[in-house]
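> Next come a sequence and a model predicted from it.
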Amino acid sequence: MNAFQNALTQLQQAGKIANTPPAVLDTLSKPERVIEVTVPVVMDDGQKKLFTGYRVQHSNVRGPYKGGLRYHSNVDQNEVKALALWMTMKCAVVGIPMGGGKGGITVNPKKLSSGELERLTRSFTRMMKDVFGPERDVPAPDVNTNPQIMAWIADEYRHIVGRAEPGVVTGKPISEGGSLGRDTATADGAYMVLEDVAKKLKLNPKKTSVIIQGFGNAGFHMATLAHKAGYRIIGLSDSTGGILDVRGKGMDPKNVMATKKDRGMIGSMYCVGSVCDGKNYKGVTNEKLLEAPCDILIPAALENQITKKNAGRIKARIILEVANGPTTPEADSKLLKRGVLVVPDILANAGGVTVSYFEWLQNKQGIRWTAKQVREKLKPIMRDSFAAVWKAKESYKTSMRTAAFIVALKRLEEALAKRG
């Protein structure tokens, strides 16, 4: 399944409805630059191994390229091109002055030692010395990358250019110039969007069940926020599998995370332990978890999870996309016909890139905001962005995804016109 073709389909659909000039669509249908490099790494056994790395710079019409760097065995050029295009749209939807980029290395980081991971990161940074830069292209954490990896990139870049440039990456440790509130920003923004959805649809959290696929940073924090607000979390999963609360009363994400840290997985935790057991919880695959009955389904893992094959079996009334690209265009069409509200990734998970922008801004200005200040600055951006997308949805009588693309396209069209 070609993620980049999915992204192009979404772009073209929105452009057709919004009467976007063909020249604008043509410009945005192609990345401005695609970089593919071979990354040499000396492994712990002394042998040299070669990895393939990518950076796609989709558009800088609204500002420096901005986007995550993922380490995953399935990373390829089409995936990274799609993610870069979505980043361009995402930054435009929330109105921050940055463009879209994305990068990755084809590797299973779980098979590397800490030393090998550091050498891989530093080698990739050297290969990207003329690509990255605070005013050019600013990476951030993504799948299987974290603040430590960002710190290695910033340190290697400092050695290359001969001076400290903390704004070369975001998502850094706080001690290295990272922003307070960045670790929970994606979930914070998604929850703010959920609050607006709940108001529009008059949802009562205590009577609303939620399933979250993906229990990494964003999925865990989203589950925690929803649980605190009274939503019933009845299903969770990580890469090993999932669990369902057969009682329907809901589970505490903090208890699930404690067991995951203790055992290394949640996929089989239902059968032992004091937190979950076979009587109250049922083990399921990630595929079956998506199809379980619930009010709100939150994909928070990888792309292409909801497709034309399983869209007809999705029982949720609302899908809130915390992951990037979890729903294919064919699935979107089926879900729309069935009346399922899909809140798209380029709106729902934009809190992460917004606070990344805040970090970049703080680095440039040499200041630090408190976590409270960060959240206070994030809230109006997410609220205004939701309002703009909802208004476009109603005006054009279309899906929220197409409406979000329309909002982004209009802002990008304006920027391209000013550039000339």
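Great, that's in hand.
> Sheet partners, orientation included, of whichever strand in the chain runs longest?
Here the longest strand in the chain is taken by residue count, with DSSP state E as the criterion, and it is strand 48-59. When pairs are called by DSSP bridges, strand 48-59 turns out to pair with strand 33-42 (antiparallel), strand 99-106 (antiparallel).
> Show me which positions of it end up buried.
Buried positions in strand 48-59, judged by neighbour count with 16 or more other CB atoms under 10 Å: 51, 53-59. For the C-beta atoms, the positions are set from N, CA and C on the backbone; glycine is no exception.
> Can you show me the CA trace of the helix or strand just after that strand as PDB?
The helix or strand immediately downstream of strand 48-59 is strand 65-72, counting by DSSP states H and E. What follows is the C-alpha trace of strand 65-72 in PDB, where atoms were taken according to Å, rounded to 0.1, in the frame of the first residue of the first chain:
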ATOM      1  CA  TYR A  65      11.200  22.300   6.700                       C
ATOM      2  CA  LYS A  66       9.900  20.700   9.900                       C
ATOM      3  CA  GLY A  67       9.300  17.000  10.600                       C
ATOM      4  CA  GLY A  68      10.200  13.900  12.500                       C
ATOM      5  CA  LEU A  69      12.900  11.400  12.100                       C
ATOM      6  CA  ARG A  70      11.900   7.700  12.500                       C
ATOM      7  CA  TYR A  71      13.900   4.500  12.900                       C
ATOM      8  CA  HIS A  72      11.900   1.600  11.700                       C
END
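> Can you list the strands that strand 65-72 pairs with?
Paired strands of strand 65-72, with direction, are strand 99-106 (parallel), strand 137-141 (parallel) (DSSP bridges).
> Longest helix in the protein, please.
helix 371-396 (DSSP state H).
> Packing partners of that helix?
For helix 371-396, the helices and strands in contact under the criterion 3 or more CB pairs under 8 Å, 6 or more residues apart in numbering; DSSP states H and E are helix 77-93, helix 185-201, helix 345-348, helix 351-365, helix 400-419.
> If we use 7 Å, what do you get?
Contacting helix 371-396 under the criterion 3 or more CB pairs under 7 Å, 6 or more residues apart in numbering; DSSP states H and E are the following elements: helix 185-201, helix 345-348, helix 351-365, helix 400-419.
> roughly how far out does the longest one sit from the chain middle?
Mean-position distance between helix 400-419 and its chain equals 20 Å (CA atoms, centre = their mean, to the nearest Å).
> Go ahead and name everything in contact with that helix.
10-11, 13-15, 17-18, 20-21, 24, 27-28, 61-62, 89, 92-93, 95, 332, 341-344, 346-347, 388-389, 392-393, 396 (CB atoms under 7 Å, 6 or more residues apart in numbering).
> for that helix, which positions count as buried?
Neighbour-count burial for helix 400-419, with 16+ other CB under 10 Å as criterion, is recorded at 400-413, 415-416.
> One more: the first one?
Neighbour counts using 16+ other CB under 10 Å place 185-198 of helix 185-201 among the buried residues.
> list the helices and strands that helix packs on?
Counting by 3+ CB pairs under 7 Å, 6+ apart, the packing neighbours recorded for helix 185-201 are helix 217-228, strand 318-320, helix 345-348, helix 351-365, helix 371-396.
> average model confidence for it?
Per-residue pLDDT values over helix 185-201 give a mean of 98.
> Number the residues from 2 up from this point.
Got it, the first residue is 2 from now on, which makes the last one we talked about helix 186-202.
> helix or strand right after that helix?
Criterion used, DSSP H and E; the element after helix 186-202 is strand 210-214.
> quick revisit: tabulate the helices and strands packed on helix 372-397 in TSV, adding columns for distance to residue 247.
Listed next are the helices and strands packed on helix 372-397 as TSV, based on distance: least, CB to CB, whole Å:
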stretch	distance to residue 247
helix 186-202	25
helix 346-349	28
helix 352-366	32
helix 401-420	32
